[in-house]
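Colleague: need coordinates for the following:
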Amino acid sequence: MKEFHIKTRDGIVQVSEDVYKAYYKHKWNEEYNNKKRLVKELSYEDLRDNGVPVELIMMDASRTLEDEVISRIMVQKLRKCMSGLSSYERFLITEIYFKDRSIREISDMLSIPKSSVQRQKAIILKKLFDLFEKNE
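Modeller: Numbering: from 1, shown residues only. All right, here's what the predicted structure looks like:
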């Protein structure tokens, strides 16, 4: 017969299968929902519809018309380059830079180590930079 254990503050405790499933059900549902969310395509329109002001992030009221035109071109270029990323990569960049989530929050959300999120972020930024350079 298979034994089931859960980790508590006091240590590891042996429990029945029903208790084990009830204990981890919330975590499993959260992991499933996170994976489902990663599959969803993220577009510029999605960002705008979700209240992420991409243009305002790139603009400053004290800038000249030339600066504004350059910013709009850069936003278009960023949108094009973001479409070259996988849905997971877009999700990670959006969470970090557009939703201001910390590496710790994202690592908790995805149940992966912070170092993995940091490494993935660096790889994705390099890929995004390369896409930017390629599209010049």
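Colleague: helix or strand right after the helix or strand bottoming out on mean pLDDT in the chain?
Modeller: The helix or strand of the chain with the lowest confidence, counting by mean pLDDT, DSSP states H and E, is helix 54-58 at a mean of 58. Where DSSP states H and E defines the elements, the next helix or strand beyond helix 54-58 is helix 65-82.
Colleague: mind listing what's buried in that following helix?
Modeller: Neighbour-count burial for helix 65-82 flags 71, 75, 78, 81-82 (criterion: 16 or more other Cβ atoms under 10 Å). (C-beta placed from N, C-alpha, C; glycine too.)
Colleague: residue boundaries of the strands in this structure?
Modeller: Here the chain has its strands, by DSSP state E, at 4-8, 11-15.
Colleague: got those strands as TSV, with distance to residue 21 columns?
Modeller: Output for these, formatted as TSV (distance: least, Cβ to Cβ, whole Å):
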stretch	distance to residue 21
strand 4-8	8
strand 11-15	10
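Colleague: adding mean pLDDT, mean neighbour count and distance to residue 105, write these out as CSV.
Modeller: Output for the strands of the chain, formatted as CSV (pLDDT from 0 to 100; neighbours: other Cβ atoms under 10 Å; distance: least, Cβ to Cβ, whole Å):
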stretch, mean pLDDT, mean neighbour count, distance to residue 105
strand 4-8, 80, 12, 22
strand 11-15, 83, 11, 28
